[in-house]
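>>> Can you look at this prediction? I've put the sequence above it.
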Amino acid sequence: MQLVRREFLHLAAAAAVTGATSAASAQAPGPKLTQVLRQDLERQGNVVQESIVSVAEFGPGSAAPWHMHPGAQEIFHVMEGDLVVEMEGAQPASLKAGQSHIFPADVPHLARNEANVPAKALVIHSRSAKDKPLVVAVNR
């Protein structure tokens, strides 16, 4: 759990240093991420080696900086509030509570809370390569 939180904190620090965050995200810290489950998959032929389930809490104006997940698909499900997600090559999308988005592996993306109230999302990573880092910062 600490490893994923540390990786997101590292991303937030890297984005602040490189200026990759928007004005809104520069005013507020990144999301709080609490890992709920991390377990190797069984009987799947090792196509997916591991799934990681986390809860990301976004304070008002906070954002996860541009990043990607090498060899890992991300399912992003908004549980509370409204969040905006962006993915390289696509238009930003606004998601309300109950809506989801899938980010393919190796595609830069971000999520941000543009509202004045907190938001929460369930984040599920399905990794095909546990030897690769879960999160890699992307300069934009």
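All right, it came through fine. Numbering: from 1, shown residues only.

>>> And the contacts of whichever helix or strand His125 is part of?
Following DSSP states H and E, the helix or strand that holds His125 is strand 119-127. With contacts defined as CB atoms under 8 Å, 6 or more residues apart in numbering, strand 119-127 is touched by 33, 36, 48-58, 69, 71-83, 111, 113, 134. The way it works is simple: take the backbone N, C-alpha and C, and place the C-beta from them, glycine included.

>>> could you redo the last one with a cut-off of 6 Å?
Identification of contacts with strand 119-127 by CB atoms under 6 Å, 6 or more residues apart in numbering yields 48-54, 56-58, 69, 71-81, 83, 113.

>>> swap in stretch 62-79?
The contact list for stretch 62-79 (CB under 6 Å, 6+ apart) reads 11-12, 15, 20-21, 25, 28-31, 95, 97, 99-103, 105-106, 108, 110-113, 120-129, 132, 135-138, 140.

>>> quick one: strands adjacent to the helix or strand just after the strand holding His125?
Along the chain past strand 119-127, the next helix or strand (assigned with DSSP H and E) turns out to be strand 136-137. Sheet pairing of strand 136-137 (DSSP bridges) gives strand 63-68 (antiparallel).
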